[in-house]
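Novice: Build me a structure from this.
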Amino acid sequence: MRVCAVVIAALIAAFVPLPAVRAAAPLTLVVDARDVARNILHVTLDVPIAGGPATLVFPKWVPGEHSPSNPLSDVALLVGSVDGKTVAWTRDPYDLYAFTFAAPPAATTLHLQYDVLLESGYATDRLALVNWNPTLLYPAGSVVANTIVTASLIVPPGWETATALDDPKRTGDRIDFAPVSIERLFDSPVLASANLARVPLGPMAELDVASDAPVAPVVDPAVLAHFKTLVGQAQSLFGSHHWRSPYHFLITASDTISYDGLEHHESSWNGVDTDTLASESACKKWAGDLLTHEFTHSWNGKYRRPAGLVRADYQADETTDLLWVYEGLTEYYSDILAVRSGFWTPAEYRAALAAKYAELDAKAGRITRSLADTTFDERLRLTAAPHATFASARRATEDYYDEGELMWLDADTLIRERTHGAHSLDDFARAFYGVGGDTGPAVLPYTRADLVAALNAVLPYDWEGFFHARIDVPTAHPPQDGITRGGYAFAFAAKAETPNPATRAGGSPADYRYDLGASIGGNGVVGDVIPGSPSARAGLVPGMSIVALDGRRFSSTALNATIVRDATSKAPMTLLVTNHQAFATLDLSYDGGIRIPVLNRATGPDLIEAIANPRP
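Specialist: Have a look, this model is predicted:
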């Protein structure tokens, strides 16, 4: 009875109306980023209230991150006041993101002061990517598309800024922005830097590059040409765009921040190495996996968005079951756009596809976990340590990206084959993402049934059955029909003629998952072991360190040479390993040689080449 009473009380409390909050006047937010090099933002916030206790919430969900990941623990030194007098606050015992401030009955404005202690990876002493989502508390029950904020940012002396926000007015080191909805504010980060370059890409887009280097950012002319081509190819593909020009590629060029990024409607954040834009070769490894990926999201994910990811505020749980579209189709078109715009060659595109297929096929967990179930990986935190140490068994690497890409390649080649080249997945993309013509930011939700209907308009087919067989049930292997129907055969080779340009997909001689069955770092640390592989049979486990190989100190060079030698000698290699404080000697038997995934030309039309061809 006591348990029932508690539950009933909680249900009654859930339906008690929240204190009234005056929504007509905007919130006033000032973010002082002068301490950003120390990973600290100082925030002041004025919230109009109707008097009496006021409940504010910290946003849980950040659009594009697919989990309630907004760092509430980063808010510190929270103080509320009314007319200069401090008012107490309490946290809701059930909703830990909700704070009730004991404002007096006559209060009209609640003033807040607090610090945001940034996680590493957003700022250095010369640049910062300022996201608004960890800086704002807003009235509970607000509709974020309708709740207005007047935001200002104070930057270190001499720093410049770039953003998609409207009408910035600068006074000294303070930038005041035009009033905007919470939704648009969160969708418009600010790039700030002591070393910022704006590089136009024609009337529709620009590169905003902040560099950690002491000299001005360098953009190689060929790289600049690829970006310009990218904008045109994307417009040709999708038929329209949904931003008010220009679109901003916000780029932090820093070896400290490096690989990271997030999509937005009118901009994207792209974290790359300091010298990435200075040469074509350096830019290749960031092209498909980041630069073109986040750009493609302006159409797929921001404009057209799965209905389960559309909420009135950032407190309600999202459903992530369509991430094989949101991320998988984006991954498919981002790699294709990397080729069509010249960042990659067609051979490099095929190398990336081969590496992705091999990585997915090596995961033991796929025989029990469906691709649909991997769409919950971010919410389950399966991609974070320590879970990532058994990534193969857990299938814990957000497979909806790369396996989604292979599935959409399957769909594209199927359409091309059955229509004898008259139609392709591009026709679906142009109709589905170009609907409405050129517009400003907007959200058009869709469901799985909408996808099926749109594909049927291009090619009548059992698309629901197509998706079910590849998504809803576990499969022993990732989709390969797109590769074979595309005119190629997957294989392993001792040496790849064309290296995989993407960093995330693996497939280098230092990646031993496809021969020894383990990922082994240059320092000998074992990252993952595939169940049933030679490494697993020898007794290797994640977290071990290989100290010596055949009586000599371990090195990747020696391991590569030993794999080649043992293919002929058939002799086992002897490993001295340490696990915690214990040492052991293990014999690992493998004689298959180095195995690097490749695609070899087979019979039939070269549809993959046709897919990679630039559009008019």
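Novice: Check what pLDDT residue 121 gets.
Specialist: pLDDT for residue 121: 81.
Novice: show me where the stretch 401-550 of the chain has helices.
Specialist: 402-418, 425-433, 448-458, 463-467, 481-485, 534-538 (DSSP state H, counting those that start in this stretch).
Novice: Compare those and give me the one nearest residue 224.
Specialist: Among the helices of the stretch 401-550 of the chain, the nearest to residue 224 by CB to CB is helix 425-433 (25.6 Å). Just so you know, the C-beta spots here come from the backbone N, C-alpha and C atoms, and that holds for glycine as well.
Novice: Quick check: mean pLDDT of that closest one?
Specialist: Rounded mean pLDDT across helix 425-433 is 98.
Novice: now it and helix 402-418, what's the angle there?
Specialist: Interaxial angle, helix 425-433 versus helix 402-418 (axes from the mean of the first three to the mean of the last three CA atoms, to 10 degrees): 110 degrees.
Novice: quick one: helix 425-433 to helix 448-458, angle?
Specialist: Orientation check (the same axes, to 10 degrees): helix 425-433 against helix 448-458 gives 130 degrees.
Novice: so what secondary structure elements neighbour helix 425-433?
Specialist: The criterion is 3 or more CB pairs under 8 Å, 6 or more residues apart in numbering; DSSP states H and E, and the helices and strands that helix 425-433 contacts are helix 221-238, helix 402-418, helix 448-458.
Novice: which of the helices of the stretch 401-550 of the chain is buried the deepest?
Specialist: helix 402-418 (a mean of 24; mean count of other CB atoms under 10 Å).
Novice: Show me what that helix is packed against.
Specialist: Packed next to helix 402-418, using 3+ CB pairs under 8 Å, 6+ apart, are helix 323-326, helix 328-340, helix 346-361, helix 371-374, helix 425-433, helix 463-467, helix 481-485, helix 607-612.
Novice: gap between the longest one and the chain center?
Specialist: Relative to the mean C-alpha coordinate of its chain, helix 346-361 is positioned 19 Å out (CA atoms, centre = their mean, to the nearest Å).
Novice: Kindly report the same for stretch 592-607.
Specialist: 29 Å.
Novice: now the strand or helix carrying residue 562: mean pLDDT?
Specialist: Counting by DSSP states H and E, the element that carries residue 562 is helix 556-569. Here helix 556-569 scores 94 as its mean pLDDT.
Novice: Residues touching the helix or strand following that helix, excluding its own?
Specialist: Sequence-wise, the next helix or strand downstream of helix 556-569 (DSSP H and E) is strand 573-579. Defining contact as CB atoms under 8 Å, 6 or more residues apart in numbering, one finds that strand 573-579 is touched by 538, 540-541, 543-551, 562, 566, 583-588, 590.
Novice: Just the angle for strand 573-579 relative to helix 556-569, thanks.
Specialist: Computed by the same axes, to 10 degrees, the angle separating strand 573-579 from helix 556-569 equals 140 degrees.
Novice: Just the buried residues of strand 573-579, please?
Specialist: 573, 575-577 (16 or more other CB atoms under 10 Å).
Novice: Tell me the pLDDT of the spatially closest residue to residue 456 that is not a sequence neighbour.
Specialist: Leaving aside its chain neighbours, residue 456 sits nearest to residue 463 (6.3 Å; criterion: CB to CB, 6 or more residues apart in numbering). We note a pLDDT of 98 for residue 463 in this prediction.
Novice: Now do the contacts for residue 220.
Specialist: So residue 220 contacts 277-280, 283 (CB under 8 Å, 6+ apart).
Novice: go on, residue 534?
Specialist: Contacts of residue 534 by CB under 8 Å, 6+ apart are 515-517, 588-590.
Novice: Relative to residue 494, how far out is it?
Specialist: 17 Å (CB to CB, to the nearest Å).
Novice: Endpoints of stretch 468-481, how far apart?
Specialist: Separation of the first and last residues of stretch 468-481 by CA to CA, to the nearest Å is 15 Å.
Novice: who does the residue nearest to residue 559 when sequence neighbours are not counted bridge with?
Specialist: Closest residue in space to residue 559, ignoring its immediate chain neighbours: residue 549 at 6.1 Å, by CB to CB, 6+ apart. Residue 549 forms beta bridges with residue 552, residue 575, as assigned by DSSP bridges.
Novice: neighbours of residue 549, just the number please.
Specialist: With neighbours defined by other CB atoms under 10 Å, the count for residue 549 comes to 19.
Novice: how close does it get to residue 523?
Specialist: For residue 549 relative to residue 523 (CB to CB), the value is 13 Å.
Novice: Same check on residue 498?
Specialist: 28 Å.
Novice: Between the two, which has more neighbouring residues?
Specialist: Remark: of residue 498 and residue 523, residue 498 carries more neighbours, 17 against 10, as counted by other CB under 10 Å.
Novice: Now for the more buried one: which residues touch it?
Specialist: Counting by CB under 8 Å, 6+ apart, residue 498 touches 345, 347-348, 350-351.
Novice: So which residues of the stretch 101-250 of the chain form strands?
Specialist: Along the stretch 101-250 of the chain, counting by DSSP state E, counting those that start in this stretch, strands occupy 109-117, 127-130, 138-139, 148-154, 160-163, 169-171, 174-176, 180-181, 190-193, 196-200, 205-211, 247-253.
Novice: Quickly list the domain ranges of the protein.
Specialist: Per automatic domain parsing, the structural domains of the chain span 27-193, 511-593.
Novice: what ranges of the stretch 351-500 of the chain fall below the confidence cut-off?
Specialist: Along the stretch 351-500 of the chain, segments meeting pLDDT under 70 span 384-388.
Novice: one step back: output the contacts of residue 498 as CSV; include the columns neighbour count and distance to residue 450.
Specialist: Converted to CSV, the contacts of residue 498 look like this (neighbours: other CB atoms under 10 Å; distance: CB to CB, whole Å):
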residue, neighbour count, distance to residue 450
345, 15, 35
347, 17, 36
348, 22, 34
350, 24, 32
351, 25, 34
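Novice: Identify, from those, the entry nearest to residue 136.
Specialist: residue 348 (41.8 Å).
Novice: What separation do you get for the nearest residue to the closest one once chain neighbours are set aside and residue 281?
Specialist: Counting by CB to CB, 6+ apart, residue 348 lies nearest to residue 501, which is 4.4 Å off, once chain neighbours are set aside. Noted for residue 501: a distance of 9 Å to residue 281, by CB to CB.
Novice: Settle it for me: which of the two has more neighbours?
Specialist: Counted by other CB under 10 Å, residue 501 and residue 281 do not tie: residue 501 has more neighbours, with 26 against 9.
Novice: List the contacts of that one.
Specialist: 284-285, 287-288, 338, 344, 348, 351-352.
Novice: cutoff 7 Å now
Specialist: Residue 501 is in contact with 284-285, 287, 344, 348, 351-352, counting by CB atoms under 7 Å, 6 or more residues apart in numbering.
Novice: Can you tell me who the closest residue to residue 511 other than its chain neighbours pairs with across the strands?
Specialist: Distances taken as CB to CB, 6+ apart place residue 519 nearest to residue 511, at 6.3 Å, with adjacent residues excluded. For residue 519, the beta-bridge partners are residue 511, residue 528 (DSSP bridges).
Novice: What's the separation between residue 519 and residue 478?
Specialist: As for residue 519, its distance to residue 478 is 18 Å (criterion: CB to CB).
Novice: out of the helices of the stretch 401-550 of the chain, which comes closest to residue 247?
Specialist: helix 425-433 (14.8 Å).
Novice: So what touches that closest one?
Specialist: 237-239, 299-300, 303-304, 333, 408, 411-412, 415, 454-455, 457-458.
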